[in-house]
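> Got a sequence here, can you model it:
(one chain, ligands or ions: 1)
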Amino acid sequence: MEHPVKHDGHLNVNAITNSQFSFDKVKEIADWILERVELRPKIGIVCGSGLGGLGDRLVETKIFPYSEVPHFPKSTVVGHKGNLIFGKLNDVPVVCMQGRFHAYEGYSNALCTMPMKVFKLLGLESVILTCAAGGINQSFEVGDIMLIKDHIAPLLWTLQNPLVGHNDDRFGPRFPAVNRIYTKHYRDLIKEIASEKSLELKDGVYSSLGGPCYETVSELRGLLQLGADAVGMSTAHEALVASYCGLKVLGIALITNKAVIEYDSENYPNHEEVIDTANRRAKDLEELVSEFVSRTFVQKVDMNNNEMSK
Ligand SMILES: O=P(O)(O)O[C@H]1O[C@H](CO)[C@@H](O)[C@H]1O
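Below you'll find the model as predicted:
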């Protein structure tokens with residue numbers, strides 16, 4: 001597709017636009033993968049900080065370190081291993097990103113969300129985004145698991161939005177609606193699974209800022225006023241691009257620390273606590289996700305059989 005903005009015969013690609021990942025470039029990545037893997041998963045999983053154990057649960061795997069995948073950058077954050085894994089989770093074919101890319105690593109939001117476009121071209125229908133987050137909601141405890149029902153992402157209100165730039169309709173529409181990013185029937189299903197497992201699931205709004213610094217007390221108070229329950233530095237832009245690409249989205253945040261909303265408190269957030277909590281609580285989250293994956297798959301097979309018998 002012809003890019004509308006040209007300068008001296010070259011594409012006028014700003015540092016931060018989705019033009020960095022044109023359809024052809026994303027297709028090159030997807031084709032490279034498809035040539036090397038036989039599995040054709042419908043579900044993708046992104047592992048948040050310290051939550052890479054989900055990837056280790058896969059069997060019959062084919063593992064690509066990000067360094068081997070064309071146009072994939074390095075994962076530089078502790079708790080993000082940097083592997084793209086194809087395999088089976090609870091007998092269901094999945095692709096798992098064991099580690100994500102963050103804007104504070106120096107990557108544009110277009111790059112951070114590029115894997116969602118790759119997922120689309122791999123033929124995926126859904127993505128499960130997991131993340132570590134600080135609990136702003138004062139009733140949340142460290143270790144709680146929060147189902148994301150919506151997000152507040154101030155950076156997406158600016159030209160840092162990864163959809164800024166030439167729109168390629170093969171990915172999604174120019175003006176996507178974003179009031180239903182986190183798929184309702186996925187949220188209902190995971191609540192049902194959690195209740196069967198007697199696991200308490202909080203429901204809340206995830207907010208995301210750019211990082212890498214944690215938030216000031218006043219920023220957190222502001223986010224609380226806006227209706228945020230948790231805060232992190234990822235996920236919202238991935239959810240946006242996944243939904244724009246037509247993927248169904250499930251978002252789960254592990255509350256790894258309490259956001260400090262008292263001035264002059266002795267407490268402060270730190271990545272060691274984030275990783276420790278994630279390691280401690282990963283098992284419940286992994287089991288929830290595994291069960292969710294097999295139930296959605298079974299529902300899908302049922303639906304297809306019903307469709308075929310009609
Ligand atoms: O969102 P994930 O990748 O889970 O990680 C969260 O944890 C890190 C901060 O401790 C930040 O990267 C924040 O976004």
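
> May I have the residues that are in contact with the nearest residue to Glu262 once chain neighbours are set aside?
Nearest residue to Glu262, sequence neighbours excluded (Cβ to Cβ, 6 or more residues apart in numbering): Val217, at 6.9 Å. In short, each C-beta sits where N, CA and C put it, glycine included. Residues near Val217 by Cβ atoms under 8 Å, 6 or more residues apart in numbering: 260-263, 265.

> most surrounded residue in those residues?
Counting neighbours by other Cβ atoms under 10 Å, Val260 leads the contacts of Val217 with 19 neighbours.

> so where's the stretch 1-150 of the chain uncertain?
Where the stretch 1-150 of the chain drops to pLDDT under 70, the residues are 1-18.

> Any idea how far apart the tips of stretch 258-270 sit?
Stretch 258-270 has its terminal residues 10 Å apart, counting by Cα to Cα, to the nearest Å.

> Residues contacting it, please?
134-136, 138, 140-142, 214-215, 217, 220-221, 224, 230-231, 257.

> picking up where we left off before, of the contacts of Val217, which are in range of the ligand?
Among these, not one lies near the ligand by Cβ under 6 Å from any ligand atom.

> so how many other residues sit close to Pro269?
17.

> Would you double-check that it falls in a helix?
No: with DSSP: H, G, I helix; E, B strand; the rest coil as the criterion, Pro269 is located in coil rather than a helix.

> who touches the residue nearest to it when sequence neighbours are not counted in this structure?
Spatially, and ignoring its direct neighbours in sequence, Pro269 is nearest to Tyr214 (4.4 Å; Cβ to Cβ, 6+ apart). Going by Cβ under 8 Å, 6+ apart, Tyr214 touches 134, 268-269.

> which residues in the chain form strands?
6-7, 10-11, 43-46, 59-65, 83-89, 92-98, 126-135, 145-152, 201-208, 230-232, 248-258 (DSSP state E).

> Turn these into TSV, including distance to Phe23 and mean neighbour count.
As requested, the strands of the chain are exported to TSV (distance: least, Cβ to Cβ, whole Å; neighbours: other Cβ atoms under 10 Å):
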stretch	distance to Phe23	mean neighbour count
strand 6-7	17	9
strand 10-11	13	11
strand 43-46	19	26
strand 59-65	22	14
strand 83-89	20	22
strand 92-98	20	25
strand 126-135	19	26
strand 145-152	26	21
strand 201-208	26	22
strand 230-232	29	27
strand 248-258	21	25
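
> Tell me which of those strands approaches Phe21 most closely.
In terms of Cβ to Cβ, the element of those nearest to Phe21 is strand 10-11, at 12.6 Å.

> in the sheet, who's paired with the nearest residue to Gly52 once chain neighbours are set aside?
What sits nearest to Gly52 in space, not counting adjacent residues and going by Cβ to Cβ, 6+ apart, is Gln98, at 4.5 Å. Beta-bridge pairing for Gln98 (DSSP bridges): Asn83.

> ok, so what distance separates Gln98 from Asn109?
Distance, Gln98 to Asn109, by Cβ to Cβ, to the nearest Å: 21 Å.

> from memory Ala253 sits against Tyr206, does it?
Yes: because the distance of 5.4 Å satisfies Cβ atoms under 8 Å, Ala253 is recorded as touching Tyr206.

> Show me the common contact partners of these two, please.
131, 133, 146, 148, 230, 232, 235.
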